[in-house]
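> Build me a model:
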Amino acid sequence: MVNVTFISVGTLKEGYLKEACAEYKKRLMQYARVDEINLKEESIRNEDDASEIERALAAEGEKILAATPKDSYKIAMCVEGTQYDSPALAQIISRAVDESGKITLIIGSSHGLADTVKRKCDLRLSISKLTFPHQLIRPVLYEVMYRSFTIISGKKYHK
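Numbering: from 1, shown residues only. This next block holds a predicted model:
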């Protein structure tokens with residue numbers, strides 16, 4: 001069975017977002033074993049200090065890389081990443097499943113991801129050019145993965 005790991009920096013706080021994640025995780029588990037790794041966000045005292053943000057991203061990056069399953073196809077969620085429609089992303093996911101059987105999706109903090117993490121990833125993915133609350137991306141990504149697997153399986157859900 002396929003292994004899908006979600007690595008997220010920060011805590012999901014809102015109950016309705018937790019419920020959405022739980023629902024799509026349950027659906028996704030029809031197709032894959034799902035693991036969640038939640039890492040603590042580094043504290044930043046001065047949001048206007050770029051060097052402090054870089055320090056935090058570097059520390060988070062080390063934790064992310066240490067937690068990433070070996071030999072998995074790694075997807076970094078990045079604003080500068082490539083956008084795909086659902087069928088095209090499903091093709092990428094299908095190839096990744098065939099090649100390694102393990103997929104890791106990485107969601108950084110509200111400040112993003114360290115370049116060291118992005119460079120180690122196989123794909124940089126963007127959900128949209130629109131700006132969304134950081135916390136909203138986690139349930140959206142669960143749904144996106146569920147949709148990909150339904151497409152791969154020939155189900156009609158994605159229409």
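> all contacts plus neighbour counts: C-alpha atoms, from now on.
OK.
> does residue 78 count as helix, strand or coil?
strand (DSSP: H, G, I helix; E, B strand; the rest coil).
> Tell me the pLDDT of it.
Note on residue 78: pLDDT of 94.
> Surely it touches residue 129?
No: with contact defined as C-alpha atoms under 8 Å, residue 78 does not reach residue 129; the gap is 10.3 Å.
> Looking at those two, which one has more neighbours?
Neighbour totals were compared for residue 78 and residue 129, and residue 78 leads with 20 against 11 (other C-alpha atoms under 10 Å).
> Over to residue 130. Which of the three states is it?
coil.
> cool, and residue 54?
Strictly by three-state DSSP, residue 54 counts as helix.
> And the strands in the chain?
All strands of the chain, identified by DSSP state E, fall at 2-9, 32-39, 73-82, 102-107, 123-125.
> list the helices and strands the third one packs on?
The elements that strand 73-82 packs onto, with contact taken as 3 or more C-alpha pairs under 8 Å, 6 or more residues apart in numbering; DSSP states H and E, are strand 102-107, helix 115-120, strand 123-125.
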